[in-house]
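Q: This is a predicted model, with the sequence first.
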Amino acid sequence: DSGVTQTPKHLITATGQRVTLRCSPRSGDLSVYWYQQSLDQGLQFLIQYYNGEERAKGNILERFSAQQFPDLHSELNLSSLELGDSALYFCASSPRQGVTGELFFGEGSRLTVL
Amino acid sequence: AQKITQTQPGMFVQEKEAVTLDCTYDTSDPSYGLFWYKQPSSGEMIFLIYQGSYDQQNATEGRYSLNFQKARKSANLVISASQLGDSAMYFCAMRGPYSGAGSYQLTFGKGTKLSVIP
């Protein structure tokens, strides 16, 4: 158990809908990262937050948005969903002053868009 | 830009044998870190081993060792005495770029699916 909690574990929805994925980082970790894993694209970095502020942005679509709240949990919002958004979405956290840069991953939220 | 390449989409190994999973990387940064993660069929990403670019010795963690060849830009994972539970996807990743306050993004390779045969 990495200590990173993601909900829901599975989600099935229809095209055009909006969903919210939730992540609680490890106790004491200030950084939260979101990754998308799909069969054709592999693991793609989406966005990172540090102590409530956006710190880095990767290949995140404009239909997607995220935020980190004062209690450090984070939410990833996916809107106007398309079939191609079906993927496993990971949240990860890292220590405040990490030495190696290791990320601790949650178990992921598997999104299926029908 | 950083790049991680895993050229083996799938590998088979006999139980109790050793196996090497290949990873090559490209970066212009003199300081970098390399990771291996395991993803079983259940989906979670499990950290296995880390190698820093300035580390003098190859990293080892139990049955996992990292064959780090800096000049060749390779960081192969060696699993000794394979077990059935080692069947999983294995991802090589590189640290960077730096996001401040000790945090980094990780760039991942496409992964290698390892199947351990009884």
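A: Happy to help now that I have it.
Q: what does chain A put close to chain B?
A: Proximity of chain A to chain B (C-beta under 8 Å from any C-beta of the partner chain) is limited to residues A:2, A:30-31, A:33, A:42-43, A:45, A:48, A:50-51, A:55-56, A:58, A:88, A:90, A:92, A:94-108, A:110. Just so you know, the C-beta spots here come from the backbone N, C-alpha and C atoms, and that holds for glycine as well.
Q: which secondary structure element contains the residue sitting nearest the centre point of chain B?
A: Centroid-nearest residue in chain B, with C-alpha atoms, centre = their mean: B:Trp36, separated by 2.9 Å. Using DSSP states H and E, the element containing B:Trp36 is strand B:33-39.
Q: The following helix or strand past that strand close to chain A?
A: Counting by DSSP H and E, the next helix or strand C-terminal to strand B:33-39 is strand B:46-52. Yes. Counting by C-beta under 8 Å from any C-beta, chain A is contacted by strand B:46-52 at B:Ile46, B:Phe47, B:Tyr50, B:Gly52.
Q: so which of the residues you listed is the most crowded?
A: Highest neighbour count within the residues of strand B:46-52 next to chain A: B:Tyr50, with 19 neighbours (other C-beta atoms under 10 Å in any protein chain shown).
Q: all helices of chain B, in order?
A: Counting by DSSP state H, chain B yields no residue ranges for helices.
Q: strands paired with the one helix or strand in it whose mean pLDDT sits lowest, and their directions?
A: Every helix and strand in chain B was compared by mean pLDDT, DSSP states H and E; the lowest is strand B:103-108, with a mean of 82. Counting by DSSP bridges, the strands paired with strand B:103-108 are strand B:88-100 (antiparallel).
Q: Do me a favour and average the pLDDT over the partner strand.
A: Per-residue pLDDT over strand B:88-100 has a mean of 84.
Q: now stretch A:100-108
A: 87.
Q: First-to-last residue distance for it?
A: Terminal residues of stretch A:100-108 are spaced 23 Å apart (C-alpha to C-alpha, to the nearest Å).
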